[in-house]
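Chemist: sequence-free structure coming up:
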């Protein structure tokens, strides 16, 4: 079995698109932190379009902060990997060539910091998930109790955290070398949020760096959108067949839809990402809010209810009459009413497109994957919409049921059939313990909402808590099926 490599590119089927530029002439212009599947199937393809137009300044140095597996796999393939866009039986495969290096930061820290300091590098992009920014989920400020932050403040030249690595690299950059930091994770005002958190960290390490972060380095807000499931043995085998028998251990199968909205605010040169379809705008916030609530918010509800119902993929959940109907209603009745739609934008059409994407049977997007790290996701995907609605005296019946399902998911630890759930949320221990120790559903809700790290310090209305407790009681008696039954919705 041959491995995908520069030497084996000639063996690919004619239907597979190859890099349309000379890889040997690439220069390093981007450092990317967080070398997961999403970036490699999203931002990397927009950069491929710029490279294909002949601007070879924008090769990428990819950095994994948490695990050596992906860098090791990509290094064995000289940075090459394939992306297949698939919906049902329609598929298109391309090989991506813009990755010049793949580094594991703990094992190659000097090379990582050197890349960040390189004056030829004009951009840092990040996809490290919400929890990767050491942000306190309730206050929104730097979490100084994060173990990695504590370590980095004590050892700023040997950092572990995203903020620590970024700060250490920026400290080494020569004066006057412009750079822009582009955050691509699902956080409201993600660029400004990263700028604030990095500035708060830098204030404790290097006041001069903190001033540069505030005044000299641009942090544009962005909105990213593409469904990219984690690879599985089955998806890797399927991709191998697409590649004519060549094995690609870094192969990605994703949906055809992709969107990238970027605030047009840079302090350095950038690739022509618009060649790949990126939209540059003065204000990303309306697009970001729509995506965060309509797509990500609905996804989280599908994940927790799907896990409780024993449904393993989003497509399975959407095909379930009760859960599929609930997800549609949550999106179009509750969540859509909470967003400000940009002028001239057809939000109803956007919702229809989202539903179509969720129904894609080819992706195998696992509910368990989406359910990870809920204590980081729920405070940004659901709670602001609930707070705003309650302040106006408006109930959100589907969103409130989704929140109850999450609490039940954490508190019970089992699905409706009694099978144990694989919970993956390091921040959920305190919340889960409170839920498990409580007696009645109302006591459980009251105890849970007191966890300020998730739910904030502002008290919740008693009427809301009563409704939430009622939904939780239904879940405890009859599981998710009882909660989703038509009679329980009103």
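Modeler: Received it, and whenever you're ready, just let me know what you need. Everything numeric here is computed off the predicted structure, so don't read it as measured data.
Chemist: next helix or strand past the worst-scoring helix or strand of the chain on mean pLDDT?
Modeler: Each helix and strand of the chain was given a mean pLDDT (mean pLDDT, DSSP states H and E); the minimum falls on helix 285-290 at a mean of 90. Counting by DSSP states H and E, the next helix or strand C-terminal to helix 285-290 is helix 298-309.
Chemist: Can you get me the centre-to-centre distance for that following helix and its chain?
Modeler: The chain centroid and the centroid of helix 298-309 are separated by 17 Å, computed with C-alpha atoms, centre = their mean, to the nearest Å.
Chemist: Would you indicate which residues of the helix or strand just after it are buried?
Modeler: Toward the C-terminal end, the helix or strand that comes next after helix 298-309 (DSSP H and E) is helix 314-319. Neighbour-count burial for helix 314-319, counted by 16 or more other C-beta atoms under 10 Å, picks out 314, 315, 316, 317, 318. C-betas here are computed from N, CA, C, even on glycine.
Chemist: who's in contact with helix 314-319?
Modeler: When contacts are defined by C-beta atoms under 8 Å, 6 or more residues apart in numbering, helix 314-319 is touched by residues 299, 302-303, 305-306, 309, 311, 323-324, 327, 355, 358-361, 363-367, 370.
Chemist: What remains of those if I keep only buried residues?
Modeler: Applying 16+ other C-beta under 10 Å to the contacts of helix 314-319, the neighbour count classes 299, 302-303, 305-306, 309, 311, 323-324, 327, 355, 358-360, 363-367, 370 as buried.
Chemist: one step back: out of the buried residues of helix 314-319, which is nearest to residue 463?
Modeler: residue 317 (29.9 Å; C-beta to C-beta).
Chemist: show me what contacts the spatially closest residue to the closest one that is not a sequence neighbour?
Modeler: The spatial neighbour of residue 317 that comes closest, neighbours along the chain excluded (C-beta to C-beta, 6 or more residues apart in numbering), is residue 306 at 4.0 Å. Contacts for residue 306 were tallied using C-beta under 8 Å, 6+ apart; they are 312, 313, 314, 316, 317, 323, 367.
Chemist: Quickly name whichever of the residues you listed is closest to residue 54.
Modeler: Comparing the contacts of residue 306 against residue 54 with C-beta to C-beta places residue 314 closest, at 38.7 Å.
Chemist: measure the closest one to residue 473 for me?
Modeler: For residue 314, the distance to residue 473 equals 28 Å [C-beta to C-beta, to the nearest Å].
Chemist: show me where the stretch 301-450 of the chain has helices.
Modeler: According to DSSP state H, counting those that start in this stretch, the stretch 301-450 of the chain carries its helices in the segments 314-319, 321-329, 347-358, 367-370, 374-381, 383-391, 397-412, 429-437, 441-449.
Chemist: Could you dump those helices into JSON lines with distance to residue 12 and mean pLDDT added?
Modeler: As requested, the helices of the stretch 301-450 of the chain are arranged in JSON lines below (distance: least, C-beta to C-beta, whole Å; pLDDT from 0 to 100):
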{"stretch": "helix 314-319", "distance to residue 12": "29", "mean pLDDT": "97"}
{"stretch": "helix 321-329", "distance to residue 12": "38", "mean pLDDT": "98"}
{"stretch": "helix 347-358", "distance to residue 12": "28", "mean pLDDT": "96"}
{"stretch": "helix 367-370", "distance to residue 12": "29", "mean pLDDT": "96"}
{"stretch": "helix 374-381", "distance to residue 12": "38", "mean pLDDT": "94"}
{"stretch": "helix 383-391", "distance to residue 12": "46", "mean pLDDT": "96"}
{"stretch": "helix 397-412", "distance to residue 12": "43", "mean pLDDT": "98"}
{"stretch": "helix 429-437", "distance to residue 12": "47", "mean pLDDT": "94"}
{"stretch": "helix 441-449", "distance to residue 12": "53", "mean pLDDT": "97"}
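Chemist: Turn those into TSV, columns for distance to residue 124.
Modeler: Listed next are these as TSV, based on distance: least, C-beta to C-beta, whole Å:
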stretch	distance to residue 124
helix 314-319	31
helix 321-329	36
helix 347-358	29
helix 367-370	26
helix 374-381	22
helix 383-391	28
helix 397-412	33
helix 429-437	32
helix 441-449	37
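Chemist: For residue 457, which non-adjacent residue is closest in space?
Modeler: By the measure of C-beta to C-beta, 6+ apart, the closest residue to residue 457 outside its immediate chain neighbours is residue 138, 7.0 Å from it.
Chemist: so what's the one you found scoring on pLDDT?
Modeler: With respect to pLDDT, residue 138 has a value of 78.
Chemist: Please settle this for me: is it part of a strand?
Modeler: No: the assignment for residue 138 by DSSP: H, G, I helix; E, B strand; the rest coil gives coil, which leaves it out of any strand.
Chemist: Check the burial of it by counting its neighbours.
Modeler: Taking other C-beta atoms under 10 Å as the neighbour definition, residue 138 ends up with a count of 18.
Chemist: Surely it is in contact with residue 454?
Modeler: Yes: Residue 138 is in contact with residue 454 according to C-beta atoms under 8 Å; the separation is 6.5 Å.
Chemist: Pull up the overlap in contacts between these two.
Modeler: Common neighbours of residue 138 and residue 454 (criterion: C-beta under 8 Å, 6+ apart): residue 379.
Chemist: Pull the contacting residues for residue 324.
Modeler: The contact partners of residue 324, by C-beta under 8 Å, 6+ apart, come to 317, 318.
Chemist: I'm done for today, thanks for sticking with me.
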